[in-house]
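>>> could you work out the structure for the sequence below:
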Amino acid sequence: MKLGIVCGYGTDLNNDIEGYLNSVLEFSINNNINKLILTGGITQKSSKISEASLMHQILEGLNLDLEIVLEEESITTLHNLLYSKKIINTFDEKIEKLYIFCDAVRIFKVFCLSKIIFNNYSVETIYFQRKENFLIYCMQIPSTIIQALGVIFPELEKIIITSRQQWNELMDSYKQSK
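Numbering: from 1, shown residues only. The predicted structure is shown next:
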């Protein structure tokens, strides 16, 4: 089986999620991918839908010859991959090749994390251009280091998820006050 993991990036349709998914689908069809795991939880309290569910809704209307699995708990790139690995561990089929889809901003992080998390698999990281705020680019180097350490040290992984939840709450409060 060829499997793809699709990292989610918010639930704002203005962030070109549809273009991102079209690129993922084109690659998946051209490379005979059998199954996709759509990843991403509810990253903003104001959102009523998870990132994975939004991607699924976009793909639902298309008659795809792909099995779709949702991972709706993660709120960081690290957790997209860790929770996807838990799902993968429940599959009976042998994974011939694992593709991880992300945006160009996070390619280095996803590449590094995948080498640690999926070291028993043949992994290829595929990225697509997507409009992103410059600050997000700047945050990727420290974020990559911290999240890679989170894979190695489970206590740090728990701190990462708690910190991200607190950050999301702070951002929600800030947006509501405007």
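>>> would you mark the buried spots in stretch 118-126?
Of the residues in stretch 118-126, those buried by neighbour count under the rule 16 or more other C-beta atoms under 10 Å are 118, 121, 123, 125-126. All C-beta spots, glycine's among them, are computed from the backbone N, C-alpha and C.
>>> what's the closest of these to residue 95?
residue 121 (5.9 Å; C-beta to C-beta).
>>> same for the longest helix belonging to the chain, what does it pack against?
When secondary structure is assigned using DSSP state H, the longest helix within the chain turns out to be helix 154-177. When contacts are defined as 3 or more C-beta pairs under 8 Å, 6 or more residues apart in numbering; DSSP states H and E, helix 154-177 sits against helix 77-88, helix 134-152.
>>> so how far is the helix or strand hosting residue 3 off the chain centroid?
Residue 3 belongs to strand 2-7 when elements are defined using DSSP states H and E. Here strand 2-7 is found 9 Å from its chain centre; the criterion is C-alpha atoms, centre = their mean, to the nearest Å.
>>> for that strand, name the packing helices and strands.
Counting by 3+ C-beta pairs under 8 Å, 6+ apart, strand 2-7 packs on helix 17-30, strand 35-39, helix 77-88, strand 97-103.
>>> is residue 119 in a helix, a strand, or coil?
coil (DSSP: H, G, I helix; E, B strand; the rest coil).
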